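> compute the structure for the input listed below.
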Amino acid sequence: MEELDWYLRRQSGVISCAQARMAGLSQDMVDRRINSRRWERLHPGVYLSADHPYTDEVRMRAAVLWAGKDAVAHGVSAAWWHDLGPALPDTVEVTVRRSRNPGKQPGVSIRRRGLPYPDLVAVRDLWVTDLPLTVLEAAIAL
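Just a heads-up that it's a prediction; the model follows:
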């Protein structure tokens with residue numbers, strides 16, 4: 001369970017079902033954590049450990065994790081993650097590849113677009129658009 005604790009510490013108590021499975025939990029073990037309220041379901045397949053507060057950071061991480069592999073935050077959401085000043089919007093803005101369609105989820109806005117790797121950066125273990133693209137998109141949005 002050391003790997004599980006590592007995910008939870010690194011991601012402010014947020015974990016995806018896929019990460020929990022990689023850490024060695026079976027689906028039954030994940031379900032028991034949910035049923036016993038040790039984990040709260042934030043989005044399909046994304047959970048928050050009960051010993052962590054629900055914060056804007058949790059909302060942001062959960063939205064990007066829910067959107068799946070190669071998802072990145074963009075726009076004002078990314079600007080907030082870069083500590084540029086605006087508040088995190090009520091709806092977290094996430095970009096996924098054009099070939100992906102994760103569906104709809106309350107509190108998450110999905111944009112389907114290809115983003116070249118140089119336009120992406122990992123900040124505090126979360127993928128977001130890099131600073132120049134983030135500033136441009138946030139300025140347009142605001």
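
> can you give the contact residues for stretch 69-82?
With C-beta atoms under 8 Å, 6 or more residues apart in numbering as the contact definition, stretch 69-82 has outside contacts at 56, 60, 63-65, 85-89, 92-97, 100, 102, 111, 115, 120, 123-124, 126-129, 131, 133-135, 137-138, 141-142. (C-beta placed from N, C-alpha, C; glycine too.)

> ends of that stretch, how far apart?
With C-alpha to C-alpha, to the nearest Å as the measure, stretch 69-82 spans 21 Å from end to end.

> quick one: Gly68 and Pro44, what's the gap?
Distance, Gly68 to Pro44, using C-beta to C-beta, to the nearest Å: 11 Å.

> among the contacts of stretch 69-82, which lie within helices?
Using DSSP state H, Asp56, Met60, Ala63, Val64, Leu65, Leu131, Leu133, Thr134, Val135, Glu137, Ala138, Ala141 are the members of the contacts of stretch 69-82 that sit in helices.

> mind checking pLDDT for the fourth one?
In this case it means Val64. In this model, Val64 is scored at 98, pLDDT.

> count of residues packed around it?
25 (other C-beta atoms under 10 Å).

> confirm that Arg37 sits in a strand.
No: assessed with DSSP: H, G, I helix; E, B strand; the rest coil, Arg37 is coil; it does not lie in a strand.

> separation between the closest residue to it other than its chain neighbours and Val135?
Counting by C-beta to C-beta, 6 or more residues apart in numbering, Arg37 lies nearest to Ala50, which is 6.0 Å off, once chain neighbours are set aside. For Ala50, the distance to Val135 (C-beta to C-beta) stands at 37 Å.
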